[in-house]
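1. show me how the following folds:
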Amino acid sequence: MASTESEVVAVTEDIDKLTVSVDPSTVKNNDSADTLGFQPHLSGFETRELYKIALNFYKEKEGKAVHLSYEDKLKLVAFTQQATHGKCTPDNSPELGVLDVIGKDRRLAWQNLGDITREEAMEGFIILLDKLCPLFRTVVEAQKRNIEEQERRKKEEELKRIEEEKRQRELEEEKKREEEELQKREHQRRQIQEALNQQTYHQFKAYAEQQYPGNPEQQGVLIRQLQEQHYHRYMQQLHQNRLMIEENKESEKKEIDETEEEEKKSEQKEEEEVNEEKKDKGRDEEEDDSDAEPDWPPIETPKMWTRPGVEEFKDTIKREAGDAVIRVGHGETVTVRVPTHEDGAFLFWEFATDGYDIGFGVYFEWSKPETNQVSVHISESEDEDDEDDYAGEDLETGVNGECNPEEKPSSPQISIIVPVFRRDSQEEVYAGSHQYPGEGVYLLKFDNSYSLWRSKTLYYRVYYTRPGFTDNPS
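-> Here you go, the predicted model:
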């Protein structure tokens, strides 16, 4: 028993040194000093947690992977009794039989621990088990790595969850922005369509009443169809206008860059006196051109639309105005000259063809009309006068422009109202209107110069309205 007392005293001395050797940086709870900082391979666990690991290890491995002497077992049992029940007293120790030698040895070992606390008993159990069985360290380190791996996975899952929530919020915000943009576009579309419908309602209503007299339901259907077609035509023209403006800007920028580059090269090769002379001459020419250029009034954007009923329209033209049916030969261009009327404010036109499409454009000649009569001029494409030059077939826009051909001194100024573009007038009646820009002659051009073999039969009608009326016929 003397040897048992000396070993218990040694273990107790080791426990007393524990508070001196603890490293606070390895303790999870900074308020307690019950982690085994003096043994780095056991750091990271609290005393109670590490004691449970040690106790389970001893129960599972004793007699299998752990083989201890009788005295060592007594010491470990004493530490467990002290950790569970506290100091050995008659009240917390069971009665022993006369022949219970092992029980007496265990109680004596328990009594020899004296007044150490339960925490200290746990630490003593851990220290002694680690000293007697090196395998215990490996088990603790494995559990430590397992706990760290679980924490790492937990953090990764948390980060992944946060990232997923962030991505979901971004998707929701993007979807919300797209919905708002769609709503904004839809609102703008409705505003434009309502404005166009108000402008064309009376005109379409008058036409619908002619087509379906006494049938308000059919009239309403036809009015809606005409308004929808008018809206789509308007949006197409608006898009083409934007494209043409962008192309013009790019072309102007390119021309400016090329001009600047040429001027730089010219300045390097020519002497200063020659350059000054050219600049003076150029300034004089610009001033002369600006003085000679007339101040033309602004030109309003034309209104254009289509409507069904080609056959009815052609029958009406045949009955009412036989001279408004013209045969346009292959390679020919027909120009209908319509002078402005002193009592007029707007010009209207309608036309259709048999079987095939035809090119159509509107120009304005700034000249004083000598007569109010409408005249028709037919010419081959190569015989066109300079005033008949116009844009190619890839243009269809209401943007106003002016031709700048090399004019003869007596030729009048020509402005483009509607560039020539091929129209499917065999399928729909094409119509339009334009407010008088001033005194002059409208040139309605029906172009068949692109057709080498086919002639076209043209049906057209032109008329004007008096001041005070809108550009919508009623």
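2. just the helices in this structure please.
-> Here the chain has its helices, by DSSP state H, at 2-16, 18-21, 47-61, 70-85, 101-112, 118-132, 135-211, 216-269, 272-292, 310-320.
3. pLDDT value on Q240, please?
-> Among the per-residue scores, Q240 holds a pLDDT of 89.
4. gap between it and E311?
-> 30 Å (Cβ to Cβ, to the nearest Å). All C-beta spots, glycine's among them, are computed from the backbone N, C-alpha and C.
5. okay, those two: which has more neighbours?
-> Shown here are Q240 and E311; by other Cβ atoms under 10 Å, Q240 has more neighbours (18 against 10).
6. hey, which of the helices of the chain is tucked in deepest?
-> Mean neighbour counts were compared across the helices of the chain using mean count of other Cβ atoms under 10 Å; the top stretch is helix 118-132, at a mean of 21.
7. I'd like to check the angle between it and helix 101-112, please.
-> 120 degrees (axes from the mean of the first three to the mean of the last three Cα atoms, to 10 degrees).
8. mean confidence for helix 118-132?
-> The average pLDDT within helix 118-132 is 89.
9. for G355, find the nearest of the helices of the chain.
-> helix 310-320 (10.6 Å; Cβ to Cβ).
10. for stretch 300-311, buried residues please.
-> Across stretch 300-311, burial judged by 16 or more other Cβ atoms under 10 Å covers E300, P302, K303, M304, W305, T306, R307, G309, V310.
11. just list the residues touching the second one, thanks.
-> Residues counted as contacts of P302 (Cβ atoms under 8 Å, 6 or more residues apart in numbering) are V362, G398, I417, V418, G432, S433, H434.
12. list just the nearest of those residues to F204.
-> For those, the nearest to F204 is S433 (13.1 Å; Cβ to Cβ).
13. and the closest one, how many neighbours?
-> Residues contacting S433 under the criterion other Cβ under 10 Å number 22.
14. okay, and the beta partners of it?
-> Beta-bridge pairing for S433 (DSSP bridges): K303, F348.
15. show me the shaky parts of the stretch 351-474 of the chain.
-> Along the stretch 351-474 of the chain, the model assigns pLDDT under 70 to residues 381-410, 468-474.
16. what about the strands in it?
-> For the stretch 351-474 of the chain, applying DSSP state E, counting those that start in this stretch gives strands covering 358-366, 375-380, 401-402, 413-423, 429-435, 441-447, 456-465.
17. just send those strands back as TSV, with distance to G214 too.
-> As requested, these are exported to TSV (distance: least, Cβ to Cβ, whole Å):
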stretch	distance to G214
strand 358-366	35
strand 375-380	38
strand 401-402	46
strand 413-423	33
strand 429-435	23
strand 441-447	35
strand 456-465	25
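18. stretch 234-251: how far from the chain's middle?
-> Distance of stretch 234-251 from its chain centroid, counting by Cα atoms, centre = their mean, to the nearest Å, is 23 Å.
19. so where's the stretch 201-350 of the chain uncertain?
-> Counting by pLDDT under 70, the ranges of the stretch 201-350 of the chain that qualify are 278, 282, 284-295.
20. ok, 80 please
-> For the stretch 201-350 of the chain, applying pLDDT under 80 flags the ranges 262-297, 321-322.
21. most neighbours, which of the contacts of P302?
-> Using other Cβ under 10 Å as the neighbour criterion, V418 leads these with 26 neighbours.
22. return the distance of it relative to Q227.
-> V418 sits 21 Å away from Q227, going by Cβ to Cβ.
23. just H85 next, same as before
-> Taken as Cβ to Cβ, the span from H85 to Q227 is 97 Å.
24. next, count neighbours for T335.
-> As a burial measure, T335 scores 20 neighbours (other Cβ under 10 Å).
25. what sits against it?
-> By Cβ under 8 Å, 6+ apart, the contact set of T335 is V376, H377, I378, S379, D388, L443, L444, K445, F446.
26. and for I358?
-> Shown here is I358, whose contacts under the criterion Cβ under 8 Å, 6+ apart are V328, R422, R423, S425, F446, D447, N448, K456, L458.
27. ok, so of those, who is nearest L128?
-> Distance to L128 across the contacts of I358 (Cβ to Cβ) is lowest for R422, with 104.5 Å.
28. who does that closest one bridge with?
-> Beta bridges link R422 to G359, judged by DSSP bridges.
29. so it makes contact with D357?
-> Yes - under the criterion of Cβ atoms under 8 Å, R422 makes contact with D357 at 5.1 Å.
30. coming back round to it: which one of the contacts of I358 sits closest to E71?
-> Using Cβ to Cβ, the contacts of I358 come closest to E71 at R422, 114.1 Å.
31. count of neighbours near that closest one?
-> The tally of other residues near R422 (other Cβ under 10 Å) stands at 16.
32. that one: what's it in contact with?
-> D357, I358, G359, F360, E393, Y450.
33. would you mind measuring from it to F348?
-> R422 sits 22 Å away from F348, going by Cβ to Cβ.
34. for F446, same thing?
-> Going from F446 to F348 by Cβ to Cβ gives 16 Å.
35. please identify which of those two sits among more neighbours.
-> Neighbours per residue, other Cβ under 10 Å: of F446 and F348, the larger number sits with F446, 25 against 19.
36. what sits closest to that one if chain neighbours are left out?
-> Closest residue to F446 apart from its sequence neighbours, by Cβ to Cβ, 6 or more residues apart in numbering: V334 at 4.4 Å.
37. what sits against the one you found?
-> Residues in contact with V334 (Cβ under 8 Å, 6+ apart) are I326, V328, V376, H377, I378, K445, F446, N448, L458.
38. can I have the buried ones of the residues you listed as a PyMOL selection?
-> Per 16+ other Cβ under 10 Å, the buried members of these correspond to this PyMOL selection:
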select buried, resi 326+328+445+446+448+458
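39. I'd like to know which of the contacts of P302 is nearest to R145.
-> G398 (78.7 Å).
40. counting neighbours, what do you get for the closest residue in space to D447 that isn't next to it in sequence?
-> Leaving aside its sequence neighbours, D447 sits nearest to G359 (Cβ to Cβ, 6+ apart; 3.2 Å). Neighbours of G359 under the rule other Cβ under 10 Å: 23.
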